[in-house]
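Visitor: Next input, structure requested:
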Amino acid sequence: MAASPPHLRQVLRLWDATCVVVGAIIGVGIFFNPRDVATLTGSAPRALLAWALGGLIALLGAFTFAELGRLRPVAGGQYHVLRDTYGRLPAFLFVFCNLTAIQAGAVAIIAIVCAQHLGVALHGQDPSARWVLVMATVFCWALVALNVLGVRTGAKVQNVTVIAKLLTLGALVVLAAIVKPGAGVPVAPAAPAAPAHLSGLFAGMALTLFAYGGWQQAMWVAGEVVDARRTVPRAILLGVGIVIVAYLAANWAYLDLLGFDGVRHAKALVADAFSVAWPGVGRRIAAAAVAASAFGVLNAQFLTGPRLTWAMASDGLFFAPFARILEPFDTPAAAILLLGALATALVLGLGLDRTDLLTTGVVVVDSVFFALSGLALPALRRRTPAAERGPAWLDAAAIAFAALELLAIVGSVLERNVRVVALTGLAWIGVAALVWAVWFRGRPAPARTDAPAGG
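Guide: Numbers count the residues shown, from 1 in each chain. I've put the predicted structure just below:
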């Protein structure tokens, strides 16, 4: 009997998939965003409320993508959702933009943050720009190599870094429980708190949404998850639940350790928090924590994103080499290498001074496809036999989630400070459409081989 062709193997279990979710969500935002949320909301209760409301919206997204994951439990699941709902062009636009802008941009940003904070942890001072760029590139290619060696290898790295992230946030909470409240580092005299306008609360809530994103990545590796139809939805909901608890606890700890004015005037929030207990080494401890968290979310991108490229190439909508699986590792090696190359180009091309602009462009493009994915759920459920559908309220949750993502896009376009970058991000979707028209529009669809995994 002829040997079966190389293929993605189902080896990830519930804990692995949950760590993909937690690790993709908890990056570096929780170590910086609470300061800006506090500034926007104007009081500690409203700051905590903003994080709680952001968590509720994240739950809407989690329920939406959990149901999508149940309906399309295959490798690159979100690609299949968009293809089956809207056709091949929107699905191509999503994966192309995800590869070249969303994930390549995220990898570049995170690699730079990781290198910057590792330098502080090792040397006690900000590293040189050259050191940061070299180390960011090294991190990218080290993780490329690890993830080419097998999905289990990448998952083990993910599991370890998730534990490190949760221990770091847990340490903050323990410190807050044992250290005298408000014993934080001195701050400058506080400016009057912002008035209690709803606009400030909503602006703060919108900022928290950027820190809550990432649950969808469990869908991308569904083809390698054991019993994916049941495991992926559970992992998404469990992972988002863990993150909400961790984020609310961490924000309480910041406020308890530093006080509200200490949080909103902090120059280095997590460093100030750790300095309450360890004044001499708090900055280096905090930098090590941020570097470890950044390394984990960096690994998540290489573990998950290339599965989308592989799925699209397997569908005939990308260059054939990217549809190949590398033996004996059973990984989409070419797709992983491509993401590493694109991210490296952004790291070296943009340097250290343009990462804030890159972040805005990434978020806007991501929101477009989040909204389309949310609106796809009611359509897919209508095509599913009634006995196999989830609860009817999931349609309303998906529509509400999509509406909120569209509001984020509108807000970015209307905000003068980021309007050009937001429009540039939207224009990149037009570039993707041009690539489709020139190279891929007339390609025939191959025979479908994407039967749902896990029964």
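
Visitor: count of neighbours near residue 101?
Guide: For residue 101, the count of nearby residues is 24 (other C-beta atoms under 10 Å). Where C-beta positions appear, they are placed from N, C-alpha and C, glycine not excepted.

Visitor: Give me the mean pLDDT for stretch 324-334.
Guide: Mean pLDDT, computed over stretch 324-334, is 94.

Visitor: So residue 344 sits against residue 143, correct?
Guide: No: with contact defined as C-beta atoms under 8 Å, residue 344 does not reach residue 143; the gap is 11.6 Å.

Visitor: give the contact list for residue 260.
Guide: Counting by C-beta atoms under 8 Å, 6 or more residues apart in numbering, residue 260 touches 38, 43-44, 47, 193.

Visitor: Kindly give the local confidence score, pLDDT, for it.
Guide: 91.

Visitor: now do the one 4 residues further on
Guide: Per-residue confidence at residue 264 stands at 88 (pLDDT).

Visitor: Give me the spatial nearest neighbour of it, chain neighbours excluded.
Guide: In space, and not counting its chain neighbours, residue 264 is closest to residue 38: 4.0 Å by C-beta to C-beta, 6 or more residues apart in numbering.

Visitor: list the contacts for residue 26?
Guide: Residue 26 touches 162, 165-166, 169, 243, 246, 293, 296-297, counting by C-beta under 8 Å, 6+ apart.

Visitor: do that again at 7 Å, thanks
Guide: 165, 243, 246, 293 (C-beta atoms under 7 Å, 6 or more residues apart in numbering).

Visitor: can you check residue 146 too?
Guide: Counted by C-beta under 7 Å, 6+ apart, residue 146 has contacts 153-154, 157.

Visitor: rewinding a little: among the contacts of residue 260, which one is most surrounded by other residues?
Guide: Among those, the one with the most neighbours (other C-beta under 10 Å) is residue 38, at 30 neighbours.

Visitor: I'd guessed it sits against residue 263; true?
Guide: Yes: if you go by C-beta atoms under 7 Å, residue 38 and residue 263 touch, sitting 4.7 Å apart.

Visitor: can you point me to the longest helix in the protein?
Guide: Longest helix in the chain, counting residues (DSSP state H): helix 228-264.

Visitor: In that helix, which residues are buried?
Guide: By neighbour count with 16 or more other C-beta atoms under 10 Å, helix 228-264 contains the buried residues 228-244, 246-247, 250-264.

Visitor: and what of stretch 279-292?
Guide: 282-292.

Visitor: Now find how far off-centre that stretch is within its chain.
Guide: The chain centroid and the centroid of stretch 279-292 are separated by 23 Å, computed with C-alpha atoms, centre = their mean, to the nearest Å.

Visitor: That one - what's its average pLDDT?
Guide: 86.

Visitor: which residues touch the helix or strand of the chain with the lowest mean pLDDT?
Guide: Lowest mean confidence among the helices and strands of the chain (mean pLDDT, DSSP states H and E): helix 198-212, at a mean of 76. Applying C-beta under 7 Å, 6+ apart, the contact partners of helix 198-212 are 25, 29-30, 33, 36-37, 40-42, 46-47, 49-51, 53-55, 57-58, 194, 243, 363, 408, 411.

Visitor: buried sites along it?
Guide: Buried, per 16+ other C-beta under 10 Å, within helix 198-212: 200-212.

Visitor: Could you identify the helix or strand that succeeds it?
Guide: On the C-terminal side of helix 198-212, the nearest following helix or strand under DSSP states H and E is helix 217-220.

Visitor: Where does the prediction get shaky in the stretch 101-250 of the chain?
Guide: Residue ranges of the stretch 101-250 of the chain with pLDDT under 70: 180-199.

Visitor: in the helix or strand hosting residue 434, what's buried?
Guide: Here residue 434 sits within helix 419-435, counting by DSSP H and E. For helix 419-435, the neighbour count (16+ other C-beta under 10 Å) marks 421-422, 424-426, 428-429, 432-433, 435 as buried.

Visitor: hang on, the earlier thing: any idea of the mean pLDDT in the helix or strand where the residue nearest to residue 264 lies?
Guide: Secondary structure assignment for residue 38, by DSSP H and E: helix 33-41. Averaging pLDDT along helix 33-41 gives 87.

Visitor: what comes into contact with it?
Guide: By C-beta under 7 Å, 6+ apart, the list of residues contacting helix 33-41 reads 47, 50-51, 200-201, 203-204, 207-208, 211, 251, 254, 260, 263-264, 266, 269.

Visitor: before we move on, back to that, switch the contacts of residue 146 over to JSON lines; also include distance to residue 442, secondary structure and neighbour count.
Guide: JSON lines is the format used below for the contacts of residue 146 (distance: C-beta to C-beta, whole Å; DSSP: H, G, I helix; E, B strand; the rest coil; neighbours: other C-beta atoms under 10 Å):
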{"residue": "153", "distance to residue 442": "39", "secondary structure": "helix", "neighbour count": "16"}
{"residue": "154", "distance to residue 442": "35", "secondary structure": "helix", "neighbour count": "26"}
{"residue": "157", "distance to residue 442": "41", "secondary structure": "helix", "neighbour count": "23"}
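
Visitor: Many thanks, have a good one.
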